[in-house]
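Enquirer: quick one, what's the 3D model for this:
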Amino acid sequence: MPLRGGDHEGPAHQMHASGLPLYRHPRAEREIRLGKAVVAYEVKRVRRRSIGMVVGVDGLSVRAPRWVSWGDIESALRAKERWICTKLVEQRERARRQVMARIAWCEGAELPFMGESVVIVLDPAHTGATLMPAPLDPGLPGVTQRTLYLGLPQDATPEQIRDAAEAWLQREARTVFAERVRHYAGKLGVSVTKVSLSSARTRWGSASADGSIRLHWRLIHFSLSIIDYVVAHELAHLREMNHSPRFWAVVRSIMPEYDGPRDQLRHVAIPG
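Expert: Have a look, this model is predicted:
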């Protein structure tokens, strides 16, 4: 069963002429004031019996039968005012976090790794990638974090730097994930046939009845507690292929403190 992530960007921040926040869908054709905001929304006339609405990456989209009047659509939106506004704010906040998480692929850039930041240094004398520990003297000027040396020339392109850094991250992910899977599989007493990396857009992990586990390689950006939660979650599916109370009891049996990392995972932004 999939454990879903969130890596989409939301509607950009705008202001309406009235001075209220504006949430504009790129294909908007109507707008309405909901609460303390103006919402410009997309409308699609479709063959259905009722009015449906979705707040997604671009904003509010409405699906309505061809025979429904604009007044009926606006009444339906006002009835869902609180839900719509809450979702729009969530999408905008997600977009803000995503922008802040973007990495400038150049020397001196900070790369999130297991909940901390490492500084990228280009050094053609190095082969491959090497992570150096932080200095023992925390007062050493200019050097306060671990450093990732990439064997690239100083004129390397952003694409070359990104590819080298991500290749290193994926190698680290394979090692860390395999160790954590062994740890929690032993605690749970389940047999894992294969651990592989994924890059799915909407899943942090998945488990199959044959004992294979797939984990999103970008989890390596986050703290060990978040990695452990996803691992425990997927291994629990080898016992319960659902999200019933029995499933969550299995998760809690091997990771009693899973609530905190689960909540953190819901709000992370994927670096990139």
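Enquirer: please make it C-alpha for all contacts and neighbour counts, starting now.
Expert: Will do.
Enquirer: low-scoring stretches of the stretch 101-250 of the chain, by residue?
Expert: 101, 134-144 (pLDDT under 70).
Enquirer: so where do the strands sit in it?
Expert: Along the stretch 101-250 of the chain, counting by DSSP state E, counting those that start in this stretch, strands occupy 110-113, 116-122, 129-132, 146-150, 194-198, 203-207, 212-216.
Enquirer: just name whatever secondary elements the first one is in contact with.
Expert: For strand 110-113, the elements it packs on are strand 116-122, judged by 3 or more C-alpha pairs under 8 Å, 6 or more residues apart in numbering; DSSP states H and E.
Enquirer: please apply the same query to the fourth one.
Expert: Identification of packing neighbours for strand 146-150 by 3+ C-alpha pairs under 8 Å, 6+ apart yields strand 116-122, strand 129-132, helix 158-188.
Enquirer: so which of the ones you listed gets nearest P65?
Expert: Nearest to P65, of all the helices and strands packed on strand 146-150, is helix 158-188, at 46.9 Å by C-alpha to C-alpha.
Enquirer: so the closest one versus strand 116-122, what angle?
Expert: Interaxial angle of helix 158-188 relative to strand 116-122 (axes from the mean of the first three to the mean of the last three C-alpha atoms, to 10 degrees): 140 degrees.
Enquirer: gap between the lengthiest strand in the chain and the chain center?
Expert: Longest strand in the chain by number of residues (criterion: DSSP state E): strand 37-46. Averaging C-alpha coordinates over strand 37-46 and over its chain gives two centres that are 26 Å apart (C-alpha atoms, centre = their mean, to the nearest Å).
Enquirer: would you tell me what the next helix or strand after that strand is?
Expert: On the C-terminal side of strand 37-46, the closest following helix or strand by DSSP states H and E is strand 52-55.
Enquirer: and whatever helix or strand comes next after that next one, C-alpha only, in CSV?
Expert: Sequence-wise, the next helix or strand downstream of strand 52-55 (DSSP H and E) is strand 60-65. Output of strand 60-65 as CSV, limited to C-alpha atoms (Å, rounded to 0.1, in the frame of the first residue of the first chain):
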residue,chain,number,x,y,z
LEU,A,60,-9.8,25.9,-7.3
SER,A,61,-11.4,24.0,-10.1
VAL,A,62,-15.1,23.4,-10.3
ARG,A,63,-16.9,20.7,-12.3
ALA,A,64,-20.6,21.4,-12.9
PRO,A,65,-23.4,20.0,-15.0
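Enquirer: can you list the neighbours in contact with strand 60-65?
Expert: 24-25, 39-55, 73, 84, 88 (C-alpha atoms under 8 Å, 6 or more residues apart in numbering).
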